[in-house]
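Chemist: need the 3D shape of this:
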Amino acid sequence: MTTTLNNFVSETQLTTSEVTLVDSSISEKKFIGAATITNTSTSPVQVTFWLILTATTGTTGSGGNWFIVKTIPASQTERIDKLLGQVVDNSMKVSALADMASVINVNISGTTET
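Modeler: Below is the predicted model of the structure:
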């Protein structure tokens, strides 16, 4: 097996629709080592993350399959601690959306094992 350091996502802006940030193929696993989000707006913004199978669509609210829901204060960068150490196993993904488009920047890095 080979392990490499990767910058999975850099300065990707979230929209109001679910977007895949990190995914793995059937022959690899990814380990999340660092994850931050920056709110560039002047208002707080709620962000929803999923850690689900690649073929699954994220759902919100009561009974949804979301992993993290977090409100980011205006003009702040925050580490997403609950993502740190998670494994994106074979055919899985980390995806997210924000309740306001084009104001949340995402950076995620870690390692890939093939």
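Chemist: the nearest residue to V88 once chain neighbours are set aside: neighbouring residues, count only.
Modeler: Distances taken as Cβ to Cβ, 6 or more residues apart in numbering put K30 closest to V88, at 4.2 Å, once the chain neighbours are dropped. C-betas here are computed from N, CA, C, even on glycine. By other Cβ atoms under 10 Å, the residues close to K30 number 25.
Chemist: whichever strand or helix holds K30 - contacts with which helices or strands?
Modeler: Using DSSP states H and E, K30 maps to strand 29-39. Applying 3 or more Cβ pairs under 8 Å, 6 or more residues apart in numbering; DSSP states H and E, we find strand 29-39 packed against strand 3-13, strand 68-72, strand 77-79, strand 87-88, strand 104-113.
Chemist: any chance of those strands in CSV, with mean pLDDT and distance to L51 too?
Modeler: Putting the helices and strands packed on strand 29-39 into CSV (pLDDT from 0 to 100; distance: least, Cβ to Cβ, whole Å) gives the following:
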stretch, mean pLDDT, distance to L51
strand 3-13, 94, 13
strand 68-72, 97, 8
strand 77-79, 97, 16
strand 87-88, 98, 7
strand 104-113, 98, 12
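Chemist: nearest to T40, out of those?
Modeler: Using Cβ to Cβ as the measure, strand 104-113 is the one of the helices and strands packed on strand 29-39 that comes nearest T40, at 6.4 Å.
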